[in-house]
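Chemist: model this:
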Amino acid sequence: MKQRRVNKKKVKIIAVVEARLTSSRLRAKHLYIANNKTMIEHLVERLKSIKLLDDIVLATTTNSEDDRLILIAKKMKIKYFRGSENNVKERVLLASRKFSADIICQVTGDCPLIDPILIEQLINSFLINKSVVIGYYGSFKSYGLPNGMDSCIFKLSALEKSYKMTKKPEDFEHVCLHMFNNSKIFPSFYIHPPKNINFPQLSVTLDYYEDYLVIKKIIENFKNKKSFPSCLEIVEYVVKKKLFKINSHLKRLVL
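Modeler: Got it, this is the predicted structure:
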């Protein structure tokens, strides 16, 4: 894919997908199957449809259990990087440096249903707003996208600066948290979703087995659709079938 120009300089935009198989809540969740594909394959396929991305990098760990994720990365012909299991911020930083990113679109591996259209909107908004260093299209406790549709974009230079300043354990675990909590240093913006996809109570992120049941039903319902179902289509289907009742009782960490 061709690189685009911002401020007359070529920039490289890569999606960095964080994933590991040793999650305490749902072990090996990225390998769960729906419509004959693993969850991580569903996610990567969606990212591959985004023309604004120059590369997709799977950022996993050096733990031998994650060898299976590397096999999937090779099968899907995407880049991969292995780093710290607990220091996610460092893992994303080193992966981004290795593949010469200027701008990073961060997506967690827990989001197999992510909407490529929303990520394209986020990237375009970021490129237009040249003064900001971080942008977010996500969900909060009272307003936003369904959990699992969110993504974040930021400059590599901002991540490098934030990493040097980071001290709290939670800021090493959550890549963007320190930057959002220091908005005077890291100018940012948040895209408010339209009302028809404002459903923060809905979770299509893969944290628990109940989440998998919801995601599996959604994937199977749209399996004959030629294009990926949009966030709106997923919300309408979930509401119609009341699938949110399956996992709405589960506790979530909402930043």
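
Chemist: which residues does the most centrally placed residue in the chain contact?
Modeler: Nearest to the mean C-alpha position of the chain, by C-alpha atoms, centre = their mean, lies Val107 at 1.7 Å. By C-beta atoms under 8 Å, 6 or more residues apart in numbering, the contact set of Val107 is 15-18, 43, 47, 114, 119, 151. All C-beta atoms are positioned from the backbone trio N, CA, C, and that covers glycine.

Chemist: wait, Lys223 sits on Asn35?
Modeler: Yes. Using C-beta atoms under 8 Å, Lys223 is in contact with Asn35, at 4.9 Å.

Chemist: helices along this protein, start to end?
Modeler: In the chain, the segments counted as helices under DSSP state H are 39-48, 67-75, 88-98, 116-128, 156-165, 169-173, 177-180, 209-221, 231-241, 244-247.

Chemist: tabulate the ones you listed (JSON lines), appending mean neighbour count.
Modeler: Listed next are these as JSON lines, based on neighbours: other C-beta atoms under 10 Å:
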{"stretch": "helix 39-48", "mean neighbour count": "21"}
{"stretch": "helix 67-75", "mean neighbour count": "16"}
{"stretch": "helix 88-98", "mean neighbour count": "20"}
{"stretch": "helix 116-128", "mean neighbour count": "18"}
{"stretch": "helix 156-165", "mean neighbour count": "17"}
{"stretch": "helix 169-173", "mean neighbour count": "15"}
{"stretch": "helix 177-180", "mean neighbour count": "20"}
{"stretch": "helix 209-221", "mean neighbour count": "19"}
{"stretch": "helix 231-241", "mean neighbour count": "17"}
{"stretch": "helix 244-247", "mean neighbour count": "17"}
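
Chemist: tell me which of those sits nearest to Gln201.
Modeler: Minimum separation from Gln201 across these (C-beta to C-beta) falls at helix 244-247, 6.8 Å.

Chemist: C-alpha coordinates for that closest one, PDB please?
Modeler: Presented in PDB, the C-alpha positions along helix 244-247 are these (Å, rounded to 0.1, in the frame of the first residue of the first chain):
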ATOM      1  CA  PHE A 244     -26.900  -8.400  25.300                       C
ATOM      2  CA  LYS A 245     -28.700 -10.400  28.000                       C
ATOM      3  CA  ILE A 246     -26.100 -13.100  27.700                       C
ATOM      4  CA  ASN A 247     -23.200 -11.000  28.900                       C
END
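
Chemist: follow-up on the earlier one: so the residue nearest to the centre of the chain versus Ala15, what's the distance?
Modeler: Val107 sits 6 Å away from Ala15, going by C-beta to C-beta, to the nearest Å.

Chemist: what is in contact with the two at once?
Modeler: What both Val107 and Ala15 touch, as defined by C-beta under 8 Å, 6+ apart, is the set 47, 119.

Chemist: tabulate the contacts of Val107 (CSV), appending pLDDT and distance to Ala59.
Modeler: Listed next are these as CSV, based on pLDDT from 0 to 100; distance: C-beta to C-beta, whole Å:
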residue, pLDDT, distance to Ala59
Ala15, 98, 10
Val16, 98, 5
Val17, 98, 6
Glu18, 97, 5
Leu43, 98, 13
Leu47, 98, 13
Ile114, 97, 16
Ile119, 96, 17
Ser151, 93, 14
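
Chemist: for those, which one is nearest His249?
Modeler: Distances from the contacts of Val107 to His249 were compared by C-beta to C-beta; the smallest belongs to Ile114, at 23.5 Å.

Chemist: distance check, the closest residue to that closest one other than its chain neighbours against Lys251.
Modeler: Nearest residue to Ile114, sequence neighbours excluded (C-beta to C-beta, 6 or more residues apart in numbering): Arg46, at 5.5 Å. For Arg46, the distance to Lys251 (C-beta to C-beta) stands at 27 Å.

Chemist: neighbours of Glu65, how many?
Modeler: By other C-beta atoms under 10 Å, 14 other residues sit near Glu65.
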